[in-house]
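**Q** next come a sequence and a model predicted from it.
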Amino acid sequence: IPWVMGHEGAGTVSEVGPGVTSVSPGDKIILSLDGMCGYCRNCSEGSPALCETHSGAPPSRMSKNGIPYHHGRPTYTEQSIITADACVKVPDDTPLEKACLISCAVITGIGAVVNRAQVKAGASIAVFGCGGVGLNVIQGGVLASAGKIIAVDTVPYKLELAEQFGATHFVNANKEDPVQRIREITDGGADYSFEVVGFPELVRQAFDSVRTTGTAVVVGVQPSGADVAVDGMELLRDRALIGSWHGAAQARVDFLWILDLYKQGKIKLDELISKYRPLNELNEAFDDMLKGTVARTVLVFE
């Protein structure tokens, strides 16, 4: 592989380049999935996760057939070169082996509920996919004081985890029609649904499971170029289909907010971590993920 992969992580600053003032050597940091220039239209309007200057894929020195490769925030390595605007300084007592999850999975899930959908207290939500991000959508529902939180998955273990994280109802999509079951549980459809897997067909199910005036939120990364089909007439009935990138986060504010919630015992981080592994067990970590036997595996550097 001609580049270092990974994007979710935390660490300690070893050196800084000329002109960097936001962090110093020795600072503990959480990496943001996206850099933020602070000046483009999206940054100025409060959407730095969609910064127009930093797409999350700055060019590298490598190219193929004259086309430059791009890279984000490589974390499968002991040392990385990271742009300063993607570094969020955190207190010295921060447990990085847990706080690293805030970098992507936690903020992506919680932010989709709190920032993007702005779920109201008492509302019903349905979550399609209860992996590392989906569990945090459930946590977001708890933070927002949602009424019914419906977990949908095909793996019984994931539904058990969903209960630990605050889900109130459970649907095994291998055994029953999730759309029909959600409509039964909510008496007509959920107020909000979240697709957290990345399958276009699940986006349709998520959309069909919300009530008139409901909102379906696409959180899972869809295949590039994939089409998503929904009933156009239902859009006219005030059903909304929206996307959520990186929890619509303002990283320098939201990361510290989530870290504070963790310290207060209001959200779970420890319980998200199924295993710790050294870097040389990276392939085994991916095998576990594909088997659906873990929520999150954290790579540690001894």
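**A** Noted; the coordinates are in hand. Residues are numbered from 1 along each chain as shown.
**Q** would you check how far apart N115 and E163 are?
**A** Taken as C-beta to C-beta, to the nearest Å, the spacing of N115 relative to E163 amounts to 25 Å. For glycine as for every other residue, the C-beta is placed from the backbone atoms N, C-alpha and C.
**Q** more neighbours: the two, which one.
**A** N115 (20 against 15; other C-beta atoms under 10 Å).
**Q** what does the spatially most central residue of the chain show for phi and psi?
**A** The geometric centre of the chain, computed from its C-alpha atoms, lies nearest to T108 (C-alpha atoms, centre = their mean), at 2.6 Å. Geometry field for T108 lists phi and psi as phi -60, psi -40, criterion degrees, to the nearest 10.
**Q** that one: what's it in contact with?
**A** By C-beta atoms under 8 Å, 6 or more residues apart in numbering, the contact set of T108 is 133, 136, 219, 244, 246-247.
**Q** mind checking what helix or strand follows the helix or strand I182 falls within in sequence?
**A** With secondary structure defined by DSSP states H and E, I182 is part of helix 178-186. Of the helices and strands lying after helix 178-186 in sequence (DSSP H and E), the nearest is strand 190-195.
**Q** and the contacts of that following strand?
**A** Applying C-beta under 8 Å, 6+ apart, the contact partners of strand 190-195 are 112-113, 117, 119-120, 123-129, 134, 137, 148, 150, 182, 202-203, 205-207, 209-211, 214-220.
**Q** that older thread, now the residue nearest to the centre of the chain, nearest residue through space, not along the chain?
**A** Once flanking residues are discounted, T108 sits nearest to G247: 4.8 Å by C-beta to C-beta, 6 or more residues apart in numbering.
**Q** surely the one you found and A117 touch.
**A** No. Between G247 and A117 there is no contact under C-beta atoms under 8 Å: 10.4 Å.
**Q** for the chain, what are the low-confidence residue spans?
**A** Segments of the chain classed as low confidence (criterion: pLDDT under 70) are 1-3, 54-64, 67-72.
**Q** longest helix anywhere in it?
**A** Criterion DSSP state H: the longest helix present in the chain is helix 251-263.
**Q** which residues touch that helix?
**A** Residues from elsewhere that reach helix 251-263, judged by C-beta under 8 Å, 6+ apart: 30, 32, 34, 36, 48-49, 88, 90-91, 94, 98-99, 102-103, 106-107, 110-111, 115, 143, 247, 249, 267-269.
**Q** equivalent analysis for stretch 161-179, please.
**A** Counting by C-beta under 8 Å, 6+ apart, 126-128, 130, 134-136, 138-139, 141-142, 147-154, 156, 159, 181-182, 185, 205, 208-209, 268, 271, 295 sit against stretch 161-179.
**Q** list only those of those residues flagged as buried.
**A** The neighbour-count test (16 or more other C-beta atoms under 10 Å) applied to the contacts of stretch 161-179 identifies 126-128, 130, 134-136, 138-139, 141-142, 148-154, 159, 181-182, 185, 205, 208-209, 268, 295 as buried.
**Q** name the element L159 belongs to?
**A** Per DSSP H and E: L159 is located in helix 156-164.
**Q** domain assignment for the chain?
**A** Annotated domains of the chain cover 10-104+250-300, 110-245 [automatic domain parsing].
**Q** all strands of the protein, in order?
**A** In chain order, the chain shows strands spanning 10-12, 28-31, 59-64, 67-70, 87-90, 125-128, 149-153, 169-172, 190-195, 210-218, 240-243, 273-278, 296-300, with DSSP state E as the criterion.
**Q** would you format these as JSON lines with distance to T53 included?
**A** Formatted as JSON lines, the entries for those read as follows, by distance: least, C-beta to C-beta, whole Å:
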{"stretch": "strand 10-12", "distance to T53": "24"}
{"stretch": "strand 28-31", "distance to T53": "18"}
{"stretch": "strand 59-64", "distance to T53": "13"}
{"stretch": "strand 67-70", "distance to T53": "14"}
{"stretch": "strand 87-90", "distance to T53": "16"}
{"stretch": "strand 125-128", "distance to T53": "33"}
{"stretch": "strand 149-153", "distance to T53": "37"}
{"stretch": "strand 169-172", "distance to T53": "42"}
{"stretch": "strand 190-195", "distance to T53": "29"}
{"stretch": "strand 210-218", "distance to T53": "24"}
{"stretch": "strand 240-243", "distance to T53": "20"}
{"stretch": "strand 273-278", "distance to T53": "34"}
{"stretch": "strand 296-300", "distance to T53": "30"}
